[in-house]
Structure formats: C-alpha cells, structure tokens
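A.B. asks: What shape does this take:
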Amino acid sequence: MADAVTHWNDVLLDVVRQVGGPPGPIARGGAMMHGAIYDAVNSIVPTHEPYLRRVEASPTASIEAAIAHAAHDTLATAFPGTTVGLAGELASALAALSTSTSAEIPAGKAVGKAAARAMIEARSGDGADVNTPYVNGTQPGDWRPTGSGAAASPNWPRVKPFCMISGAQFRPPRPAGYSSKTEMLRSGEYAAQFEEVKSLGKDNSTKRTAEQEKIATFWANDLDGTYKPPGQLFEITKIVSAQKNLDLVENARLFALVALAMGDAAIVAWDAKYSSDLDLWRPESAIQLADTDGNPATAKAGGWKPLSQDNSGARFSPPFPAYVSGHATFGAAHAGVMQLYFGTDNVTFTATTEDPHATGVTRPFNSFTEAARENARSRVYLGVHFQFDGDHGFLSGTALAEHVFATRLRPLGA
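C.D. replies: Residues are numbered from 1 along each chain as shown. The predicted structure is shown next:
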C-alpha cells in the first residue's frame, strides 16, 4: 500500500522522466530527498541515528506533513529546472491531511522544512555545478565521442560524497590488473572481451539470443523520458517494500539507505571513469579503431554499431568512458543495501522497465544479487560495455553498500 514515502518517490521519478540527463545529478537528487525525508521521520519517531540531524519535534507532529515539506523543498533545490508541479504536489499532500488537528500539520511542516534545510545546506557548494569541460583523448584506448554528445559529468568524481570520504575509497583496480593502458589493450584478456562484445553486442548480431536481447533492453533505460537507471532501482525498492508490507517509518529508512548508496555509487563509478589515466573507450570506438590498439588478436570492423538505440532507432553509446559500468555499480549498491536491510538475499520479486524498446516486459528474480548481476551483464548484450566494466562496477558497488549500511542510519545504541 502506498504511503507518503513511496508517493514522493513516485514524484521523484516523475521529475527524473522530465529532466532527464546523466545519472549523477539524478542520484544526487534522490539522495537529497530521501535523506531529508528520513531525518524528518526519524525526528518524530526516533528509532535510528539521524543522517544529518535530529530536529526537536513533538511526537504528535504530522509525519506526512513533515515528509511532504522535506521532499518538496529538496526536490525543488536539486532539480530547479523541473516543470513537474511540485507546489501542486505539496498542496495536494497537505489537503489530504485535513482531518489532522490544527497543531499537527504546522508542527510537521516545521520538522520537514528543518530537515530539508539541513540537507540543502550540506549540499551547497558540493561540486555538482562544476562544468569544467573534458579534453577528449586521441590515443588508442582513450574515450572519445561516438556521436552521442560531449563527455557527460566529467567533474562528478569530485562531488562531495554522501557517506564516503571520496570516490577513490572504492576505486577498482585496472581491468585485468594491467599496469598500463597499452599493456591491457595488447593482452589476451582484452582480446577475449573485445570479441565477446563485438559478437553479442552488435546491432544485428546473429549470435545474441532472443533472451539476451530482452535482458539488454530491459535494463537499459538510458533514454530521457524514462526513470533512468537510479529510478528503475527505486521502483524495485517500492515493489519489494509493498511485498514486505513495510510501514512508513520502515520505508523512510529503507529508501534513504538505498538513495544514499546510489548517490555515492554515481561518484564511485564516475571516479573510475574519469579520475585515472584509463578513461576507457566504448566498444563502438574499440571495434571501429581496432587496427590502432596494438593487439593482433583484435580485428577492425569499421561499420560496427551497438544494439543500443534511441527513440528514432539511431544506434548510440552513452557519452562517458566505459570503465566501470554505472549500471553495474548502481545495481550492486542497491542489491547490497536491500539484502542487508532485509537480512537475506533470497527475496523473490518481479522487476519492471520503462525502456521504450522493452515496453511491458517484466522479469522475475529470486535474489537481489541475481538482478544486479543480470543488470551488469546486460550492458555487454547492449554493446556498450566490456564484461570487466560490469564485474568491477559490481565489486565496487557491493563494497560501497556494505560501508553505507555499516556506518549510516544505525539503530540507536548500536
């Protein structure tokens, strides 16, 4: 059954569909909103440690009013360009509380606005607005535009984390452990991964099965107008929450843990993409320019394009380096938090998608890890990642989830 937490999560996803853009700002906005909602709820029903602060609150203050104001104020700050009617959403949420006493709603408002203000102040000057342009590489293995636009969010590694010290805290090793990009490109491991994505990820591949293609498009959600990769995981959180009959207080903590982990997962993944001298090219570039990589086991295919396509059918690769996969990092961070919160990985659920090339498709899973691993693997079938992008994104996201759960929003007295 929907409650105020899941309702405002739906509003968040409406905002994401409207504003689009790269995953970093989306994950940041989700962490801001759900973190503030949690602090507001936990101030009225103090069961766990606060994220930023506990507001002095009457136990009779309206939790729903507190949530509405915390969500409204943080969303309006995180997404100032949205045309989603946040003021109308706030008014509707408060109108539904007309049966509350005259004192409960103002008391809840004060709590929610204070929690939002703490979050907004904490994120002020966090680096999310830095727009220093990226200098494209020209050497073999360097990322370069593929027709999908300039490098997106190149400064995101330096955004202030929500729970980590820095993005480098969970930075993965180089692919296959090679000490240099040149050594990696000339290796047998690289050649094997190159051949795999070249075969399975090609737009008109005859090697990719129907099931693999369904997996590829199900997890994509790369296009503006969808709830994007963070949003798909928020939706899965809502699906599982409903199955488990979580109450409003429990939802506030669960969604905050998921959101904070994904807020930092964006920083972890983009740190790996941009903060070393790797900045690895996408398979599209690698395959079209294979005659430059120094590896006799890779063969150039000048017209190669990935399965990934936009609404007009044009093939594209996301506009940022390949290593590591953001999808894999988000998916593992989500799966890690979910299994730690519920005390088990063995939860059966059916996930949804909004990718326009997988309309109406659902997929059943028997564990959070199963879903996260499929999410990571899907990017090879889509033709936009090598397998080690997914493998190391998964490992970094899992380690991040364990850190977030162990250090944040813990039971009082733990």
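A.B. asks: pLDDT of stretch 235-248, averaged?
C.D. replies: Stretch 235-248 shows a mean pLDDT of 98.
A.B. asks: To clarify, my last question referred to stretch 282-296.
C.D. replies: On average, stretch 282-296 scores 98.
A.B. asks: What of stretch 147-161?
C.D. replies: The pLDDT scores in stretch 147-161 average 97.
A.B. asks: Which residue lies nearest the spatial centre of this structure?
C.D. replies: residue 230 (3.4 Å; CA atoms, centre = their mean).
A.B. asks: I'd assumed residue 261 was in contact with it.
C.D. replies: No - counting by CB atoms under 8 Å, residue 230 sits too far from residue 261 to count as a contact (10.4 Å). For glycine as for every other residue, the C-beta is placed from the backbone atoms N, C-alpha and C.
A.B. asks: distance of the residue nearest to the centre of the chain from residue 212?
C.D. replies: Residue 230 sits 24 Å away from residue 212, taking CB to CB, to the nearest Å as the criterion.
A.B. asks: which residue ranges form the helices in the stretch 51-200 of the chain?
C.D. replies: For the stretch 51-200 of the chain, applying DSSP state H, counting those that start in this stretch gives helices covering 63-78, 86-95, 104-123, 181-185, 188-200.
A.B. asks: Can you lay out the ones you listed as JSON lines showing mean neighbour count and mean pLDDT?
C.D. replies: Listed next are those as JSON lines, based on neighbours: other CB atoms under 10 Å; pLDDT from 0 to 100:
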{"stretch": "helix 63-78", "mean neighbour count": "26", "mean pLDDT": "98"}
{"stretch": "helix 86-95", "mean neighbour count": "15", "mean pLDDT": "96"}
{"stretch": "helix 104-123", "mean neighbour count": "22", "mean pLDDT": "97"}
{"stretch": "helix 181-185", "mean neighbour count": "19", "mean pLDDT": "97"}
{"stretch": "helix 188-200", "mean neighbour count": "18", "mean pLDDT": "98"}
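A.B. asks: picking up where we left off before, residues in contact with both of residue 230 and residue 261, list them for me.
C.D. replies: Residues touching both residue 230 and residue 261 (CB atoms under 8 Å, 6 or more residues apart in numbering): there are none.
A.B. asks: Determine whether the claim that the residue nearest to the centre of the chain is in a helix is correct.
C.D. replies: Yes - the assignment for residue 230 is a helix, going by DSSP: H, G, I helix; E, B strand; the rest coil.
A.B. asks: who's in contact with it?
C.D. replies: 16, 23, 26-27, 30, 262, 266, 330.
A.B. asks: As JSON lines, these with pLDDT would be great.
C.D. replies: Converted to JSON lines, those look like this (pLDDT from 0 to 100):
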{"residue": "16", "pLDDT": "98"}
{"residue": "23", "pLDDT": "98"}
{"residue": "26", "pLDDT": "98"}
{"residue": "27", "pLDDT": "98"}
{"residue": "30", "pLDDT": "98"}
{"residue": "262", "pLDDT": "98"}
{"residue": "266", "pLDDT": "98"}
{"residue": "330", "pLDDT": "98"}
